[in-house]
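build me a model:
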Amino acid sequence: MAPETKSRKPANTAFKQQRLKAWQPILTPKTVLPTFFIVGILFAPLGGLLLWASNSVTELVIDYTYCDSKASDYPSFTSVPSQYVVSVSLPQASSSQYQQSISQIQWSREVVIPPEVNYTGTNIWRCHLRFYLPLDLKPPLFIYYRLTNFYQNHRSYVKSFDANQLKGDAVPISALQSACSPMASANNTAIYPCGLIANSIFNDVNGFSANNETYILVSKGIAWPSDKQKYGKTNYQLNQIIPPPDWASAYPNGTYTADTPPPDLSTDEHFQVWMRTAGLPDFRKLYSRNDTNVLQAGLYEVWADYRYPVTRYGGTKSFVLSTVSFLGGKNSFLGLAYIAVGIACVILGTIFTARHLYKPRKLGDHTYLSWNNAQGHTSGNQ
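The predicted structure follows:
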């Protein structure tokens with residue numbers, strides 16, 4: 001009996017022989033043109049809804065980067081120059097109320113003694129921002145800080161952390177070098193938390209008051225639930241770790257002690273929010289919120305301890321007060337994009353329809369093939 005020869009022929013099945021049923025649509029004017037109009041009719045109103053939701057958000061953005069050098073001395077207030085009033089959106093306010101709110105955006109500065117003065121011996125500036133709200137703002141209410149020209153998406157920056165250390169593991173220095181360098185260790189002692197992201201955390205401290213009464217803002221519930229699972233209380237001993245270089249001024253001799261222990265990252269939501277890096281150089285991050293109390297109309301004052309340097313890299317920092325709509329915060333890009341796509345589809349559909357009615361083309365007309373085209377055939381022989 002002759003030995004069976006091997007064959008590379010695929011098995012005689014519908015799948016391997018490519019006999020599966022498939023839908024192969026033929027794009028004709030009768031199917032394509034209505035699609036343009038349907039997309040346009042759907043996208044344009046949807047974009048209008050998204051834009052309306054964005055414009056219904058109340059938002060106040062004040063740039064206080066130069067408050068330490070341009071503002072008057074506290075308790076005297078002067079108007080904030082218009083170039084530092086980034087955004088004022090009061091959709092429910094009348095024109096006179098809006099102008100009144102704009103005219104009462106003011107700032108002031110004073111020197112304060114920070115808690116770390118015992119370690120640094122230096123005072124810091126405190127910036128006071130005053131503004132007027134003509135209408136009540138219903139909760140939830142959010143306070144953000146906004147930074148510009150800060151490239152958190154740089155490859156070396158994004159990778160500069162150790163996930164195991166953030167979970168609480170006492171990771172040895174040798175294991176930190178690859179993940180956190182150059183912020184892995186100093187003087188043969190591990191830096192906790194290590195890395196460039198942790199070292200550069202935003203550390204301006206904000207407060208909010210109205211008529212000498214504090215409006216309650218909390219820093220709980222500002223981080224994503226999924227982010228909270230990434231952090232834990234550290235298992236390092238105090239003599240095994242030191243703070244990051246930019247944190248050192250907040251600790252005696254730049255070291256952790258029993259009285260000034262390292263932060264519990266499992267509960268520090270400001271840290272958790274900062275560690276979720278932004279994809280664009282201009283971004284805002286949630287600082288605090290109030291989900292229960294109405295913010296009554298009236299005159300308000302915000303203060304910020306001036307710690308975080310931004311001018312050295314050409315950036316700015318701003319205070320942001322915002323409400324939300326059913327779609328989230330204020331962002332008109334998505335609504336404008338939907339409207340633009342909808343209008344473009346309607347215009348293209350109209351143009352193609354006019355072209356089809358003026359000079360229709362027979363479906364499957366072989367005269368349009370290149371070898372039936374005299375000009376194309378001649379050029380092909382050259």
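
so where's this protein uncertain?
1-4, 210-213, 372-382 (pLDDT under 70).

residue ranges of the helices in it, please?
All helices of the chain, identified by DSSP state H, fall at 29-55, 67-70, 95-103, 117-120, 155-158, 163-167, 173-180, 196-199, 225-228, 269-275, 333-358, 374-381.

tell me the buried residues in the first one?
Pointing back at helix 29-55 there. Leu33, Phe36, Val39, Gly40, Phe43, Ala44, Leu46, Gly47, Leu50, Leu51, Ala53, Ser54 (16 or more other CB atoms under 10 Å). The C-beta positions use only the backbone N, C-alpha and C, and glycine is treated the same way.

residues near the nearest residue to Thr31 once chain neighbours are set aside, how many?
Distances taken as CB to CB, 6 or more residues apart in numbering place Pro25 nearest to Thr31, at 7.2 Å, with adjacent residues excluded. Number of residues near Pro25 (other CB atoms under 10 Å) recorded here: 6.

now do Ala344
Ala344, neighbours per other CB under 10 Å, totals 15.

so who does it touch?
By CB atoms under 8 Å, 6 or more residues apart in numbering, the contact list for Ala344 reads Gly40.

the same query, at a cut-off of 6 Å, please.
The contact partners of Ala344, taken as CB atoms under 6 Å, 6 or more residues apart in numbering, number zero.

distance check, the residue nearest to Thr28 when sequence neighbours are not counted against Phe37.
Excluding its sequence neighbours, the residue lying closest to Thr28 (CB to CB, 6+ apart) is Leu363, at 6.0 Å. Using CB to CB, to the nearest Å, one gets 20 Å for the distance from Leu363 to Phe37.

likewise for Ala198?
Ala198 is 53 Å from Phe37, by CB to CB.

and Asn199, by the same measure?
55 Å.

tally up the residues packed near Gly279, please.
8.

could you report the neighbour count for the nearest residue to it once chain neighbours are set aside?
Nearest residue to Gly279, sequence neighbours excluded (CB to CB, 6+ apart): Asn153, at 5.3 Å. The number of residues packed near Asn153 is 13, by other CB under 10 Å.

Asn153 and Leu280 touch, don't they?
No - with contact defined as CB atoms under 6 Å, Asn153 does not count as touching Leu280 (7.2 Å).

check the gap between Pro261 and Phe271 for me.
15 Å.

so between these two, which is more surrounded?
Neighbour count, other CB under 10 Å: between Pro261 and Phe271, Phe271 has more, with 21 against 11.

what's the more buried one in contact with, if anything?
Leu265.

could you do Asp264 as well?
Contacts of Asp264 (CB under 6 Å, 6+ apart): Lys233.

any idea how far Tyr157 is from it?
Relative to Tyr157, and taking CB to CB, Asp264 is found at 24 Å.

cool, and Thr13?
In terms of CB to CB, Thr13 sits 53 Å off from Tyr157.

who has more neighbours, these two?
Tyr157 (16 against 10).

the closest residue to the more buried one other than its chain neighbours: neighbour count?
Spatial nearest neighbour of Tyr157, excluding adjacent residues (CB to CB, 6+ apart): Leu196 at 5.1 Å. Using other CB under 10 Å, Leu196 has 19 neighbouring residues.

Leu196 reaches Val158, doesn't it?
No - Leu196 lies out of contact with Val158 (CB under 6 Å); the separation is 9.0 Å.

check the burial of Ala223 by counting its neighbours.
Neighbour tally, Ala223, other CB under 10 Å: 21.

thinking again about what came up before, which one of the helices of the chain lies nearest to Thr189?
Smallest distance to Thr189 across the helices of the chain (CB to CB): 7.8 Å, for helix 173-180.

what's that closest one in contact with?
Under CB under 6 Å, 6+ apart, the answer for helix 173-180 is Ser160, Asp162, Ala184, Ser185, Ala190, Cys194, Gly195.

widest-spaced pair of these?
Maximum distance among the contacts of helix 173-180 (CB to CB): 14.5 Å, for Ser160 and Ala190.
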